[in-house]
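Enquirer: Show me how the following folds:
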Amino acid sequence: MSLKQLNTLYKYEKDKENKAAQQLQAAELDYQQNIQRLDSVSDYRLEYMKRLNQRSIKGIDSITFSHFHAFIAKLDNASEQMSIAVEQAKALVVQRKKQWLAQRQKIQAVELLRDKKSKAIATLADKREQKMFDEMATQQFVRRQRS
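Expert: Got it, this is the predicted structure:
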């Protein structure tokens, strides 16, 4: 594989890595947002329970009490749904991180190949240059011997 082909492959793999990094970043953002939503629902449930407790101390009729409990049940359900969403978002973050790391390894492999190819080209160029200098020195020596 030529150096030009390796450079093209490197650019292609680098673009894939950038996309994988963006997907990882988006997954992490979604995960954080889901955690915040879960915290908000939990905080709201706690505040609603405090209100129920305060109203119970003052006295509350059974219909209002039933409404409070029904709403708390809805908040519990929402909390369960948010917990599921948090776990799914967390799993997606783990998956995206693995994909990004795998892509990073590909880039490192291509970089290694590029470095080896560059060194081989440089070594070959050095050998050609040395051969040219040796030949020039030989020709000068031959000319001196003839003179």
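Enquirer: Now do the buried residues in stretch 93-104.
Expert: V93, R96, Q99, W100, Q103 (16 or more other Cβ atoms under 10 Å). In short, each C-beta sits where N, CA and C put it, glycine included.
Enquirer: Quick one: distance of the helix or strand in which S40 is found to the chain centre.
Expert: In this assignment (DSSP states H and E), S40 forms part of helix 3-58. Here helix 3-58 is found 13 Å from its chain centre; the criterion is Cα atoms, centre = their mean, to the nearest Å.
Enquirer: May I ask you to name the longest helix in the protein?
Expert: Within the chain, and with DSSP state H defining each element, the longest helix by residue count is helix 62-146.
Enquirer: circling back to that earlier point, make JSON lines from the buried residues of stretch 93-104 and add pLDDT and distance to R45 to it.
Expert: Converted to JSON lines, the buried residues of stretch 93-104 look like this (pLDDT from 0 to 100; distance: Cβ to Cβ, whole Å):
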{"residue": "V93", "pLDDT": "98", "distance to R45": "26"}
{"residue": "R96", "pLDDT": "97", "distance to R45": "31"}
{"residue": "Q99", "pLDDT": "97", "distance to R45": "36"}
{"residue": "W100", "pLDDT": "97", "distance to R45": "36"}
{"residue": "Q103", "pLDDT": "97", "distance to R45": "41"}
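Enquirer: Of those, which pair is most distant in space?
Expert: Comparing every pair within the buried residues of stretch 93-104 by Cβ to Cβ identifies V93 and Q103 as the most remote, at 15.6 Å.
Enquirer: quick one: which of the buried residues of stretch 93-104 is nearest to F133?
Expert: Within those, the smallest distance to F133 is 44.8 Å, found for Q103 (Cβ to Cβ).
Enquirer: and the closest one, what does it touch?
Expert: Contacts for Q103 (Cβ atoms under 8 Å, 6 or more residues apart in numbering) come out as E13, K16, E17, A20.
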